[in-house]
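K.L.:
how would this look folded up:
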Amino acid sequence: MTITGVQNVFNVLDADVLFVNLENSGNNRFIPAESSINVGNCWVPWATSEPQLLGHALLIVNAANEDVLWYIWQRHVPGQGNFVRASNKGWDDPGEPLRGEPEAGHSINLMIFENRVKASRL
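P.N.:
Numbering: from 1, shown residues only. You can find the predicted model right below:
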């Protein structure tokens, strides 16, 4: 499996968020509104089903009310490719690739917007 490492997360929202790694809490961070933070080469978890996603995802959570804004994971889909994917409702099959540069296997930065998550390769 290809490793994708998130280096920095840019919170473009006007609300504070939590960056939560369900596999490794050492990457969890509080990110104030309109700021960025280093998340320590956080590996994007793999998930191929809804039960896997529940323990293998990155979450972007509204810090004020604890609503999950985004679920982020990576998955290879034959005929489509190996991408980092995001959904604002939980498991999506196969899951929408991130905007920007979603190909798995690179170091990336994430930008969190209200209606999308964008990846940029380092």
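K.L.:
Contact partners for the residue positioned nearest the centre of the chain?
P.N.:
With the centre of the chain defined as its mean C-alpha position, the nearest residue by C-alpha atoms, centre = their mean is Ile72, 3.4 Å away. Residues touching Ile72, when contacts are defined by C-beta atoms under 8 Å, 6 or more residues apart in numbering, comprise 44, 57-60, 84-86, 98, 110, 117. C-beta: built from backbone N, CA, C; applies to glycine.
K.L.:
run the last query once more with 7 Å
P.N.:
Listed by C-beta atoms under 7 Å, 6 or more residues apart in numbering, the contact partners of Ile72 are 44, 57-58, 84, 86, 117.
K.L.:
Could I get the phi/psi values of Pro51?
P.N.:
Taking degrees, to the nearest 10, you get phi -60, psi -40 for the backbone angles of Pro51.
K.L.:
Now for it, how many residues are close by?
P.N.:
Pro51 is surrounded by 10 other residues when neighbours are defined as other C-beta atoms under 10 Å.
K.L.:
likewise Tyr71?
P.N.:
Using other C-beta under 10 Å, Tyr71 has 23 neighbouring residues.
K.L.:
That one - that's part of a helix, no?
P.N.:
No: checked against DSSP: H, G, I helix; E, B strand; the rest coil, Tyr71 lies outside a helix; its state is strand.
K.L.:
Go ahead and confirm it touches His56.
P.N.:
No: if you go by C-beta atoms under 7 Å, Tyr71 and His56 don't touch, sitting 10.2 Å apart.
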